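> pasting a predicted model and its sequence here:
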Amino acid sequence: VSRAVLAAKSPSDAIKRAVVSHRAAGYNHLLVHDSGEIYSVEVSARRFDILYATDGYMAHANHYLSAHMKEIEYDPEQLIPSHVQYSRALRLLRKTDRHTIKTLQAIQKDHVDFPNSICNHAIQGHSLDREKTINAMVIDLTAREMHIAWGNPCQNSYHTFHLDE
């Protein structure tokens, strides 16, 4: 599904590909278009919902935001760290109306609520705590560049890739 979404030529085409029937599981697709459109498509195996960005930005963590999707979410206590990450990301995004690649990367490196911070670190020795940040990415649609750090961004450098049209 993810490759099909990446191959889409328009926002509506990307959304259609994200919600294809007979999905095995869910996923969250944050979709942006160089026109400025931003969508979050929350998907489970059997349902989906589409959220639209307000004020030119959107944040998402590891829980559903849509009321329609929250109905199927289990164990809300387990998701408390995700709610903290989401709220923290929104607060940092709202601090200024003019972000740069560097300010967005700084948000991705944030450690408030460590180890369950935006830059999420697995706790060594806890076999049940396997959650951690696997990469951080900032895409500049104007410059057509993708800046990606593999693993925790606080420990790894961002590499820049130029996106061909």
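That came through, no problem.

> what's the burial count for His33?
13 (other C-beta atoms under 10 Å). C-beta: built from backbone N, CA, C; applies to glycine.

> actually Ile123, not the one I wrote
13.

> what do you get for Ile80?
The number of residues near Ile80, taken as other C-beta under 10 Å, comes to 12.

> next structured bit after the one helix or strand it maps to?
For Ile80, the host element (DSSP states H and E) is helix 80-94. Following helix 80-94 in sequence order, the next helix or strand is helix 101-108 (DSSP H and E).

> list the strands paired with the next helix or strand after that following helix, with their directions.
Moving toward the C-terminus from helix 101-108, the next helix or strand (DSSP H and E) is strand 135-140. Applying DSSP bridges to the sheet, strand 135-140 is found paired with strand 145-150 (antiparallel).

> show the average pLDDT along the strand it pairs with.
Averaging pLDDT along strand 145-150 gives 97.

> before we move on, the earlier item: list the buried residues in the helix holding Ile80.
81-82, 84-86, 88-89, 92-93 (16 or more other C-beta atoms under 10 Å).

> over to stretch 7-15?
8, 11, 14-15.

> equivalent analysis for stretch 36-44, please.
Buried-residue list, stretch 36-44, by 16+ other C-beta under 10 Å: 38-44.

> how about low-confidence regions in this protein?
Applying pLDDT under 70 to the chain flags residues 125-129, 165.

> domain assignment for it?
1-73, 74-165 (automatic domain parsing).

> can you pull up the most central residue in the protein?
Taking C-alpha atoms, centre = their mean, the centroid of the chain lies closest to His60, which sits 5.0 Å from it.

> any idea how far it lies from Ile139?
15 Å (C-beta to C-beta, to the nearest Å).

> nearest to Leu30, out of the buried residues of stretch 7-15: which one, please.
Nearest to Leu30 out of these is Ala14 (C-beta to C-beta; 10.7 Å).

> tell me the spacing between that closest one and Thr103.
Distance from Ala14 to Thr103, by C-beta to C-beta: 26 Å.

> contacting residues for Arg88?
For Arg88, the contacting residues are 110, 112-113, 117-118, by C-beta atoms under 8 Å, 6 or more residues apart in numbering.

> from those, which single one is nearest Tyr52?
Ile118 (22.6 Å).

> quick one: neighbours of the closest residue to the closest one other than its chain neighbours, just the number.
With C-beta to C-beta, 6 or more residues apart in numbering as the criterion, Ile118 has its nearest non-adjacent residue at 4.3 Å, and that residue is Asp110. Each residue near Asp110 was counted by other C-beta under 10 Å, and the total is 18.
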